[in-house]
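Chemist: please work out how this folds:
(chains A and B)
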Amino acid sequence: MENISGSNDFIREIVSEDLKTGHVKQVVTRFPPEPNGYLHIGHAKSIFINFGIAQEFAGKTNLRFDDTNPLKEDNEYVNAIQEDVAWLGFHWDGLYFASDYFEEMFQRAVLLIKKGKAYVDDQTAEELRLTRGTLTEQGQDSLYRTRTIDENLDLFDHMRQGEFGDGERVLRAKIDMTSPNLNLRDPVLYRISHAPHHNTGDKWCIYPMYAFAHPLEDAIEGVTHSLCTLEFKDQRPLYDWVIRECEMPHVPHQYEFGRLNLSNTVMSKRNLKKLVDEGLVDGWDDPRMPTLSGLRRRGFTPESIRSFVEELGVTVTGGEVDYKLLEYHARQDLNLRAPRTMAVIRPLKVVITNYPENQVEMLDMEVNPEDASMGTKQVQFSREIYIEQEDFMEVPPPKYHRLYPGNEVRLKNAYFIKCNEVVKDNQGNVVELRCTYDSETKSGSGFTGRKVKGTIHWVDCKTAIPAEFRLYEPLLAGEFDENKPLEQLINPDSLKVEYGYIGADLKNVKIQEKYQFIRHGFFNVDPKETTTDHKVFNLIVSLKSSFKIEQPSAKR
RNA sequence: UGCCGGAUGGUGUAAUGGUAGCACGACUGACUCUGAAUCAGUUAGUCUAGGUUCGAGUCCUAGUCCGGCAGCCA
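Modeler: As a prediction, the model looks like this:
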């Protein structure tokens, strides 16, 4: 069978081959998050791989919560994860919980004991660690390794009945304490934890470990290709051991791919949670976070995340992707879809002295020059407007095409204006510009009398609406360093808040709507902070700019 | 001095023994009522040393470097 997308990574080749040879009738994958945090863009890669491959080969994908550790899991995460997966555009075939299989897992563990393949160990966690050996030294058999089957059965049952305290005993696989693969040195299968579970309540006080539970979950659900990240590679022999020794009728296979790492950010649930818990960010959905909820609030579209992830491919090498590539995909998507508008983020007032005091006119503006079908809209123009502070310089550097004394520029969709006078306050700051306009130069009039180097955007003072703009830079100033406290790593400029103006055309914006503020970038209407009276816009990604001031004379 | 993986421009990725290609970035230029977009171009790569072969990024040997593994986490 051929896949639809045409992309052909090593996993798709395996799937293809399995289908062709008939080893597999229908491909079944699963996305198995632990509900102990919110999903991030790294998970998006796994989601696109698991759901994507199943889709391409007409298979099925389950959303399965790997909830085998009651201490860390919570229903808040269960709900958030479902929302995020759905937002990316995927529908799961089955919605399952590992905890629903606890009884079967217990029975399989009993089977292991009966076969002499598992035993109850009374050693402490510390003793276990000491006898496991090291990377270069083999481990030693536990004193309890030779317990009789009946004794093990009895003890394991008492574990389940709650007759021991946390950590007093564990169930271990009996494999090989001398194996060079640490995962095979009699790994722990079950531990005791008298903790309430988000799904099973207090029904259980023993919980299976990932290494035991995961292969069973896959087998129970009929998963054919269990796709996970590289760090589980060493567990593959154990995965196969569990399936085989537990005599699971269905045999899934594990394949590993490289995890996604993004530059200048934190990418582990542990550290993301820390940022949230320490109040260093505004929750899991802080727009600077690489979480899916953060990216959504920031304004990234699922389509741009998808094309980004798909471009990376599926490989067995690890690496770190420059976040600029994600920005590129966001621009690419938004450029075609986002309506254009003019917004002034750092306002500077301009009075057009030869424009009649009470005159007002409506000017046409293309909604999106990339898509004529989006039509035009009208924007109001009058004698007083705001322009961007950085679009004026009293002493312009070379190749500065914007406003400066004596220079003429075009106001986008309006007229040429020329700067005649600069008004300053007591401190010498420029507070107002007095300009004249040329009525011959109206946009759309076909005026060709003379040319102008620059076009700048503006907002009419009479109808301007105050707005808050949140400008973002990467969360971390440099690369993640686990030896430094998080608060020292955070980029102090990761969030800058500005107060400026939007035009009347944005009076009725709705949350999560995306716009391009001409010459600035793409912005999203913040869903958390925006009210009818106070509009907050999140910078999704700025427009590229080839303009650089050669001599940074910040003087205006 | 264990085991398992892996090394292709600054970054990510392709080439399945037969011309090292693509994308991002960076830099030019054209165009432009967004210094955007678009278009054209430039830049820059097979870890090292041997070997097999008419031919090696690809196969073999040795080395170097990088990642993962010593939770009763997943």
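Chemist: quick check: residues of the stretch 251-400 of chain A near RNA strand B?
Modeler: A:258, A:311-322, A:324-325, A:328, A:331-332, A:335, A:340, A:368-370, A:399-400 (C-beta under 7 Å from any atom of the strand). For glycine as for every other residue, the C-beta is placed from the backbone atoms N, C-alpha and C.
Chemist: just say helix, strand or coil for the residue of chain A found nearest RNA strand B.
Modeler: With C-beta to the nearest atom of the strand as the measure, residue A:443 is the residue of chain A nearest to RNA strand B, at 2.0 Å. Using DSSP: H, G, I helix; E, B strand; the rest coil, the secondary structure recorded for residue A:443 is coil.
Chemist: contacts only, for it.
Modeler: Residue A:443 makes contacts with A:363, A:364, A:410, A:412, A:413, A:414, A:415, as judged by C-beta atoms under 8 Å, 6 or more residues apart in numbering.
Chemist: within range of RNA strand B, give me the residues from the stretch 101-250 of chain A.
Modeler: Counting by C-beta under 7 Å from any atom of the strand, the stretch 101-250 of chain A sits next to RNA strand B at A:123-125, A:128-129, A:132, A:134-136, A:166-170, A:180-183, A:187-188, A:191-193, A:207, A:209-211, A:214, A:230-235.
Chemist: from these, which land in strands?
Modeler: If you go by DSSP state E, these have A:170, A:188, A:191, A:192, A:207 in strands.
Chemist: closest to residue A:147 among the residues you listed?
Modeler: Closest approach between these and residue A:147, by C-beta to C-beta: residue A:170, at 12.8 Å.
Chemist: skipping adjacent residues, who's closest to that closest one in space?
Modeler: residue A:188 (4.7 Å; C-beta to C-beta, 6 or more residues apart in numbering).
Chemist: chain A: helices as residue ranges?
Modeler: Remark: helices assigned in chain A by DSSP state H are A:10-21, A:41-56, A:75-87, A:102-114, A:125-131, A:149-160, A:210-221, A:236-245, A:269-277, A:292-298, A:302-312, A:323-337, A:486-489.
Chemist: now the second one: buried residues?
Modeler: Residues of helix A:41-56 classed as buried by neighbour count (16 or more other C-beta atoms under 10 Å): A:41-56.
Chemist: check the fifth one too.
Modeler: Buried residues in helix A:125-131, counted by 16+ other C-beta under 10 Å: A:128, A:131.
Chemist: residues from the stretch 451-556 of chain A in reach of RNA strand B?
Modeler: Going by C-beta under 7 Å from any atom of the strand, the residues of the stretch 451-556 of chain A near RNA strand B are A:454-457, A:516, A:518-519, A:543-548.
Chemist: where's the closest residue to residue A:115 other than its chain neighbours relative to residue A:163, distance?
Modeler: Setting aside the residues directly before and after it, residue A:115 is nearest to residue A:245 in space (C-beta to C-beta, 6+ apart), at 6.8 Å. Distance of residue A:245 to residue A:163, given as C-beta to C-beta, to the nearest Å: 27 Å.
Chemist: these two: which is more packed in?
Modeler: residue A:245 (17 against 13; other C-beta atoms under 10 Å).
Chemist: any idea how far residue A:433 is from residue A:350?
Modeler: 5 Å.
Chemist: between these two, which contacts overlap?
Modeler: Contacts common to residue A:350 and residue A:433, judged by C-beta under 8 Å, 6+ apart, are residue A:387.
Chemist: so which of the ones in strands among the residues of the stretch 101-250 of chain A next to RNA strand B is the most crowded?
Modeler: residue A:170 (24 neighbours).
Chemist: that one touches residue A:186, doesn't it?
Modeler: No - between residue A:170 and residue A:186 there is no contact under C-beta atoms under 8 Å: 9.9 Å.
Chemist: what touches both of these two?
Modeler: Common neighbours of residue A:170 and residue A:186 (C-beta under 8 Å, 6+ apart) are residue A:121.
Chemist: need the buried ones from the residues of the stretch 101-250 of chain A next to RNA strand B selected in ChimeraX.
Modeler: Burial among these is assessed by 16+ other C-beta under 10 Å; the matching ChimeraX selection reads:
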select /A:123,128,132,169,170,183,187,188,191,192,193,207,209,210,211,214,232,235
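Chemist: test of understanding: give the bridge partners of residue A:384.
Modeler: For residue A:384, the beta-bridge partners under DSSP bridges are residue A:351.
Chemist: any idea how far residue A:455 is from it?
Modeler: Taken as C-beta to C-beta, the span from residue A:384 to residue A:455 is 20 Å.
Chemist: neighbour-wise, which of the two wins?
Modeler: Comparing residue A:384 with residue A:455 by other C-beta under 10 Å, the one with more neighbours is residue A:455, at 18 against 15.
Chemist: what sits against residue A:212?
Modeler: A:105, A:109, A:173, A:187, A:189, A:190, A:242.
Chemist: which of these sit farthest apart?
Modeler: A:105 and A:187 (14.7 Å).
Chemist: which residues are in contact with stretch A:449-460?
Modeler: A:342-344, A:347, A:350, A:379-382, A:384-388, A:391, A:401-403, A:408-412, A:414, A:416, A:440-441, A:501-504, A:517-519.
Chemist: please identify the buried residues of it?
Modeler: For stretch A:449-460, by 16+ other C-beta under 10 Å, it's A:455, A:456, A:457, A:458, A:459, A:460.
Chemist: the residues you listed in strands, which ones?
Modeler: Using DSSP E, the buried residues of stretch A:449-460 in strands are A:455, A:456, A:458, A:459, A:460.
Chemist: re the thing from before, filter the contacts of stretch A:449-460 down to the buried ones.
Modeler: Members of the contacts of stretch A:449-460 classed as buried by 16+ other C-beta under 10 Å are A:342-344, A:347, A:350, A:379-382, A:385-388, A:391, A:402-403, A:408-412, A:414, A:416, A:441, A:501-503, A:517-519.
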